[in-house]
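[1] Can you look at this prediction? I've put the sequence above it.
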Amino acid sequence: MKNVPGYIIYGNNRNTLPMTHFIRQHRDGSTSRYYTSQNGKDCKWRISPTRWELLDGRTTLAVWELSHPDDEFHARLTIKTPGLPVVTEIVTTLTMNRMAQELRWEQP
């Protein structure tokens with residue numbers, strides 16, 4: 001069986017979005033991933049090995065960071081005030097991109 005992305009549906013909305021919509025890459029070799037939010041804004045996950053930062057233009061919406069070995073948790077997601085209205089999309093896109101990375105989904 002092949003690992004392939006599926007679709008996302010928010011709430012009772014009948015519109016489906018392919019998971020690949022949330023993991024777009026603008027340039028070959030780039031670690032950043034892009035998507036267009038439900039409110040029409042372009043967002044970018046800036047990805048490094050231990051820290052991911054979600055940006056809406058120059059505004060940081062959220063930061064995901066791996067913990068230190070002596071911490072009681074694996075990672076921490078901090079959602080900034082500007083990210084609160086789109087918290088569902090933040091968690092969705094973080095999850096999709098982490099899955100794509102671990103399952104080695106091909107980029108669209």
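    Yep, that arrived. Numbers count the residues shown, from 1 in each chain.
[2] from here on, contacts and neighbour counts on C-alpha atoms
    OK.
[3] So which residues of this structure form helices?
    For the chain, the helices defined by DSSP state H occupy 87-103.
[4] was I right about Lys44 contacting Ser37?
    No. Between Lys44 and Ser37 there is no contact under C-alpha atoms under 8 Å: 10.1 Å.
[5] between those two, which one's more packed in?
    More crowded of Lys44 and Ser37, by other C-alpha atoms under 10 Å: Lys44, with 23 against 16.
[6] Contact partners for the more buried one?
    The neighbourhood of Lys44, defined by C-alpha atoms under 8 Å, 6 or more residues apart in numbering, consists of 32-35, 54-56.
[7] repeat that for 10 Å
    Lys44 sits next to 22-25, 32-36, 52-57, 60-61, 93 when contact means C-alpha atoms under 10 Å, 6 or more residues apart in numbering.
[8] tell me the pLDDT at the closest residue to Tyr10 other than its chain neighbours?
    Of all residues not flanking Tyr10 in the chain, Thr16 sits nearest, at 7.9 Å (C-alpha to C-alpha, 6 or more residues apart in numbering). For Thr16, the model assigns a pLDDT of 80.
[9] Which positions in stretch 58-72 come out as buried?
    60-65 (16 or more other C-alpha atoms under 10 Å).
[10] Which members of those are positioned in strands?
    Counting by DSSP state E, these place 60-65 in strands.
[11] can you redo those residues as a markdown table with pLDDT?
    Shown next, in a markdown table, are these (pLDDT from 0 to 100):
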| residue | pLDDT |
| --- | --- |
| Thr60 | 97 |
| Leu61 | 97 |
| Ala62 | 98 |
| Val63 | 98 |
| Trp64 | 96 |
| Glu65 | 95 |
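[12] Between its first and last residues, how far does stretch 13-23 reach?
    End-to-end span of stretch 13-23 (C-alpha to C-alpha, to the nearest Å): 21 Å.
[13] what about this protein, any weak spots by pLDDT?
    Counting by pLDDT under 70, the chain shows low-confidence ranges at 1-5, 106-108.
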